[in-house]
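> Structure for this input, please:
(2 chains)
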Amino acid sequence: MTTLSQRAPSSEFRLLAVPLVLFLLVFLGFPAVVNLVYSVSEVSFETLRRPEITGFSNFAAVWNDQSFWQASWFSLRFGLLTALLECALGLFLAIFLSPLIEKRSWLMAILMLPLMVAPALVGLMYRLVLHEFVGPVPNYLWTWFGASFSFLGPGSAFWTLVVVETLQWTPFAFLLFYMAYQAIPKEIVEASAMDGARYRHRLWYIELPLMAPTIVVALLIRFIDGFRVFDNVYVLTGSGPGGSTASLSIYIYEAFFKQGAIGKAVAASVILFVVSFAVLYGLNALAARRKGAR
Amino acid sequence: MTFSTLRKGGLIAAAIASLMASPAFAKVTVLGWPGGPEETALRAAADAYNAKSDTSDANKVELLFFNRDGFWDKLQADLAAGSKAFDVNLLATYSIGRYAPFMEPVELSDEAKAVYGDSVLSTMQYEGKQFGVPTDLSLHFMYYRKDLVEALLKDDAAKARFAEISEKHLGKKLEPKNPDEWTWDDYAATALYFTQAVNPDSPTRYGTVLQLKNLLFNMMVFQSLPRSYGGNWMDESGKVTVNSDAYRKGLETYKLLYDAGATPRDSLSYEFAEANAAYASGQVAAMMQWNAAASDLTSKEKSPTVAEVTETIAPPAGPEGRFTHIHGLGFGLNKNAENKDGAKAFIKWLSSKEAALIYARSSGAPALTPDVVKEVAAERPDLVKLGEFASKYGYVMNGGTSAKALSVYELQAKEFTGYWSGQQSLDDALANTEKGMTELLK
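Predicted coordinates for the structure are as follows:
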C-alpha cells in the first residue's frame, strides 16, 4: 500500500499549494533575493532601484570591522547568559511555586505581567528607575549608603541589561516549565515515592528528565531572543559608549539607517543568516542522530 | 431585483465609497514633527491657513504625524520608496543633504528674508538652494544657578578655594567670574568647584551634567566647545580637520569633568531628558542644554527647585569666540507630492510674517529677526534670546548639511563616547573619527 507521502503530487495538491508557494515567494523569496543582490552591491537610499554590483567588498568590510565582532560577542554572551539565567530561575520558580499556584491560580496572572510590557517600554521604564535623581534604586542607595552607583556605566551596563532582560523574560520560561511540570504523570511520582525515592532523587532522576525536552526548547527560544535583542537595549543605552552594548541587531540597524551603509548592513545580515542556519542545521542533525541511536 | 433592493445596494455602495475616499477638504498633506510644541504650532498654523478665504477647498491642509522614535529613518525609507502619502514633509538642517534627492527646492514668500534673516534661512539650504521654511530653531543655552554663582562671587574664602581647585585640576589659578564672561576653563573650574567629590562643601552634588550617551544629538551639544577653539569638520578645501587641537581640548575637558565626578557617573547614558531631570533636582550648578528645555526648567510648576534661580545665557567662549550649534526644523516639498501646487502655496504662506507670528504665538520656536520678534516679545520673551543668540553665535560646521551629516554625528558619538568611557585613547578616538569622516565626506 502506498502512503500519502509516496504518492506523486496530484494536480489538486499542486493547485492547493499555489497560494502558499506564492506567499513564500513574495514575502520571503523576493526580499531574500534583493538582500543577496544588495549584499554584493554598492547601494544607498538614492540607488535602491539600481544597485551597482561590486563583488564581495561588503562582506570584507564587515569581516574586517572590529565593531561587527564586538557586537557578535555581545550578542552571544548576552543570549547565552540571559537564556541560562531565565531558564534556571524559571525552573526553580515552576517547581518551588507549583503547590502554591495549584491552590491560587490567580497568582499566575501576576507572575505573567512582565511579559505584557513591550520591551521598548521596559527600557524606558528602567531609564527612569535607574536615574540618579528620579529613580527609586539610586535614591535609596544614596540615602542609605551615600553612594552614587553607575548602573549604566562602562563596567556595569552589560550586567544591568542582563538583569533587566532576565526580569522581563523569566516568566516566559516559568510558564513553559510550570506546564511541563504539571504534565508529569502523577502515578510515576507516586510510584517513586512508594519506592522510597527522596525528593531530590525524584527531582533529579524522574522530573527533570521528563522536563528535559521543554528545558531544551526554552533554552533555545530564550537564546534566540536574547541573541537578537534590540528594543530594550537600544532604548536604555543606545549602542553604549563606544558601541559597547551594540548587539548584532543594533549593529545592522545602525549600519543600515544611521550610516546609510546598506550593502554592509545586508552583508552582515547574510553572514548572520548563514551562521544561524549552520548552527540550527547542526543541532537538528545532532538531534536526529540521537533519536536514531535510541 | 426590486427597486428597493437596488436603492439599498446603491446607498451601501455610496457609504463604502465615502468611507474609502479622502476627506474632500484635505488636499495638501503635511507630515509634521509629532508630540511637542512643534505639533501645537503647526496645528495652529494649518488651522489659520485653512480658514483663509483665498485657500481653496482643493488646497486645504491636512496634517499627518507618526511616532518620533525613528522618525528620520522612517521618513528616509518613505522618501526613498517614492511615497506619495504626504506632499510636504518635515526636514532638519542636519538631514537636508540626505533627503534632498527626494525633494524639490521651494520658493519662499517675499517677506521671508525680513522675517527670518539670512543665517536662519541658510539652515534650510543645500548646495545653494532653499529646500524648506525654517519654522523652528534649536540651539544651546548655558543654564546656571544664579543663586550659587552670586554667592560664590561674594565670598572671599570660596574664591580662594575656587582658585585652589582650578590650579589642581586645570593647572592654572582662576577666579570666579560673571557667567556671561566665562571661558570654557571658567566653566570647567566652576563645575569642579560645585562638585562634592572635589569640594565636599559644595551645595550641589555635581557641578554640571554632561550628556554623554552614544547619541548623535549629544554630539551637537558638545561641538560648541571645540568650535570656540577654532574646530571645524573640514577646511575650505574639503579636508577633514577633526583631528585637531580644538577637538582635543574639547574632548579632554569633558573627560576631565567626567573622571573628576563633576557629572553623574551614569552620564554615559544621559541625553536630553536625563540631564533636565538632574538639573531640575537642584543638585547641579550649570549645564549646556537645548533651548527647548528653557520652558520646563524655568517653570515653577515643573521645576520648583530651580525655576526661580535659573538663568540662561549663551555657551562660554573660547579663543575664537562664543558659539552655539544651530539647526532648524522646517518644511519642504516632497518630489513625489500629488498636490504640488497646493503644497507650494502652503510653503510660501508658511514663510510669511503672518504665519511666523501665528507659529510663534502657538508654542513654536522660530528664530525671528529683531523687527518681527518684538511683536511677540511680550508673550514669548524666550524667542528674543533665541533670535539674538542664533544671529550672534550660531554656526553650522562645514559639511553639517551634507548627505552624510547624520552619519558623521553618529560616528563621532561612537568614537568620542568610547574615549570618555575609557575604552580607547584620545589619539585613537580622533584618528578613527578622522578616518571615518574622510570616508563619509569624500
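> what's the closest non-adjacent residue to the residue in the stretch 151-294 of chain A positioned nearest to chain B?
Across the stretch 151-294 of chain A, the shortest distance to chain B (CB to the nearest CB) belongs to A:Gly242, at 2.6 Å. C-beta here means a position set from N, CA and C on the backbone, and glycine is covered the same way. Leaving out its chain neighbours, the residue that sits closest to A:Gly242 by CB to CB, 6 or more residues apart in numbering or on different chains is B:Gly418, at 2.6 Å.
> how far away is that neighbour from A:Met125?
Look at B:Gly418 and A:Met125: by CB to CB, to the nearest Å, they are 27 Å apart.
> Looking at those two, which one has more neighbours?
Counting neighbours by other CB atoms under 10 Å in any protein chain shown for B:Gly418 and for A:Met125 shows that B:Gly418 has the greater number, 23 against 16.
> SS state for the residue of chain B found nearest chain A?
Of all residues in chain B, B:Gly418 sits closest to chain A, at 2.6 Å by CB to the nearest CB. Three-state assignment for B:Gly418 (DSSP: H, G, I helix; E, B strand; the rest coil): helix.
> I figured it hits A:Gly240, correct?
No - with contact defined as CB atoms under 8 Å, B:Gly418 does not count as touching A:Gly240 (9.4 Å).
> what about the residue of the stretch 1-150 of chain A found nearest chain B, neighbour count?
Distances between the stretch 1-150 of chain A and chain B by CB to the nearest CB are smallest at A:Ser150, namely 3.5 Å. Number of residues near A:Ser150 (other CB under 10 Å) recorded here: 19.
> Look up how far A:Phe151 lies from the closest residue in space to it that isn't next to it in sequence.
Once flanking residues are discounted, A:Ser150 sits nearest to B:Arg265: 3.5 Å by CB to CB, 6+ apart. Applying CB to CB, the value for B:Arg265 to A:Phe151 is 9 Å.
> so what's the residue nearest to A:Gly242 scoring on pLDDT?
Predicted confidence (pLDDT) for B:Gly418: 94.
> Who are the contact partners of it?
Shown in contact with B:Gly418 (CB atoms under 8 Å, 6 or more residues apart in numbering or on different chains): A:241-244, B:424, B:429.
> out of these, which is most surrounded?
A:Pro241 (29 neighbours).
> May I ask you to confirm that it is in contact with A:Pro154?
Yes - checked against CB under 8 Å, the pair A:Pro241 and A:Pro154 is within contact range at 5.7 Å.
> tell me, what's touching those two both at once?
B:268, B:421, B:423.
> any idea which helix or strand carries the residue most central in space within chain A?
Nearest to the mean C-alpha position of chain A, counting by CA atoms, centre = their mean, stands A:Asp225 at 1.0 Å. Element membership for A:Asp225 (DSSP states H and E) is helix A:208-227.
> counting contacts, what elements does that helix pack onto?
Judged by 3 or more CB pairs under 8 Å, 6 or more residues apart in numbering or on different chains; DSSP states H and E, helix A:208-227 is in contact with helix A:66-103, helix A:157-182.
> The shortest one and chain B in contact?
Yes - in terms of CB under 8 Å from any CB of the partner chain, part of helix A:157-182 sits within range of chain B, namely A:Ala157.
> tell me the mean pLDDT over that helix?
According to the model, helix A:157-182 has a mean pLDDT of 95.
> how about the CA coordinates for the next helix or strand after that helix, as PDB?
Once helix A:157-182 ends, the next helix or strand along the chain (criterion: DSSP H and E) is helix A:186-194. Extracted in PDB, the C-alpha atoms of helix A:186-194 (Å, rounded to 0.1, in the frame of the first residue of the first chain):
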ATOM      1  CA  LYS A 186       1.100  11.700  39.000                       C
ATOM      2  CA  GLU A 187       1.300   8.000  39.100                       C
ATOM      3  CA  ILE A 188       5.000   8.000  38.300                       C
ATOM      4  CA  VAL A 189       5.700  10.500  41.000                       C
ATOM      5  CA  GLU A 190       3.600   8.400  43.500                       C
ATOM      6  CA  ALA A 191       5.200   5.200  42.500                       C
ATOM      7  CA  SER A 192       8.700   6.600  43.000                       C
ATOM      8  CA  ALA A 193       7.600   7.900  46.400                       C
ATOM      9  CA  MET A 194       6.300   4.500  47.300                       C
END
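> Buried ones in the following helix or strand past helix A:186-194, by neighbour count?
Where DSSP H and E defines the elements, the next helix or strand beyond helix A:186-194 is helix A:199-202. For helix A:199-202, the buried set under the neighbour-count rule, 16 or more other CB atoms under 10 Å in any protein chain shown, comprises A:Arg202.
> Those residues of the stretch 201-350 of chain B touching chain A, which are they?
B:205, B:212-216, B:264-266, B:268-269, B:273-274, B:277-278, B:280-281, B:283.
> where are the low-confidence patches of the chain?
Using chain A here. Chain A contains residues with pLDDT under 70 at A:1-9, A:293-294.
> my bad, the chain I had in mind was chain B
For chain B (pLDDT under 70), the answer is B:1-26, B:69.
> Can you give the domain ranges for it?
As recorded under automatic domain parsing, the domains making up chain B are B:21-138+B:327-395, B:140-324+B:404-440.
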